[in-house]
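Enquirer: would you be able to build a 3D model of this:
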Amino acid sequence: MSLVYEPSAAFSVAETEAVSFVSDLIRIRSVNTGDPATIGDGEAIAAAYVRERLTQVGLASDYVEPVSGRGNVICRIKGSNPNAPALILHAHLDVVPADEAEWSVPPFSGEIRDGMLYGRGAVDMKNMAGMMLAVARDLAREQFIPERDIVFMWFSDEENGSV
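Expert: Got it, this is the predicted structure:
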């Protein structure tokens, strides 16, 4: 799967970061096989990547790892109205396995070719994870205070039971 991307000076910092983050996240092999013995720590590596980039712009976050290697990140941007219900945005960091023989571009390359970003998770759901990260960073840089809290959540294990 792929996303269309055509580099241009007209892109904002957030747009450029979003493409970079999605590409980087695709390169992190957070494959969820459904078997705890073979899942590995890709989700924790992806969660650490997200958390590090939040920290770079001064955003605090919580890291939750209920099972070794299964990392989750939660970041809340406080709103001006504590009585307003929060808005929650979420994405999962895991992907289903990929048979590299079935791909024209290596599934974990995050390669941009002819304006398209290729890789496992480019459409489900590392695209959303990278866009959310870029938006959260942009809000922090702009020192934007929303009316309601905005809660960004990056989860492990959507692909096999959401345990």
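
Enquirer: check what pLDDT the spatially most distant residue from the centre of the chain gets.
Expert: Here the chain reaches farthest from its C-alpha mean at N83, the gap being 28.6 Å by C-alpha atoms, centre = their mean. Per-residue pLDDT puts N83 at 97.

Enquirer: how about it, secondary structure?
Expert: The three-state label given to N83 by DSSP: H, G, I helix; E, B strand; the rest coil is coil.

Enquirer: gap between it and F152?
Expert: 21 Å (C-beta to C-beta, to the nearest Å). The C-beta positions use only the backbone N, C-alpha and C, and glycine is treated the same way.

Enquirer: nearest residue to the residue nearest the centre of the chain other than its sequence neighbours?
Expert: Centroid-nearest residue in the chain: A129, 2.4 Å away (criterion: C-alpha atoms, centre = their mean). Closest residue to A129 apart from its sequence neighbours, by C-beta to C-beta, 6 or more residues apart in numbering: A91 at 3.9 Å.

Enquirer: where does pLDDT dip in the protein?
Expert: Within the chain, the stretches with pLDDT under 70 are 1-10, 160-163.

Enquirer: one more pass at 90, please.
Expert: Where the chain drops to pLDDT under 90, the residues are 1-12, 34-38, 66-68, 114-115, 157-163.

Enquirer: strands of that one, residue ranges please.
Expert: Under the criterion DSSP state E, the chain contains strands at 2-4, 62-64, 72-77, 87-92, 112-113, 116-118, 150-155.

Enquirer: dump those strands to JSON lines, plus distance to S104 and mean neighbour count.
Expert: Output for the strands of the chain, formatted as JSON lines (distance: least, C-beta to C-beta, whole Å; neighbours: other C-beta atoms under 10 Å):
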{"stretch": "strand 2-4", "distance to S104": "10", "mean neighbour count": "15"}
{"stretch": "strand 62-64", "distance to S104": "36", "mean neighbour count": "13"}
{"stretch": "strand 72-77", "distance to S104": "32", "mean neighbour count": "20"}
{"stretch": "strand 87-92", "distance to S104": "25", "mean neighbour count": "17"}
{"stretch": "strand 112-113", "distance to S104": "9", "mean neighbour count": "16"}
{"stretch": "strand 116-118", "distance to S104": "8", "mean neighbour count": "20"}
{"stretch": "strand 150-155", "distance to S104": "29", "mean neighbour count": "21"}
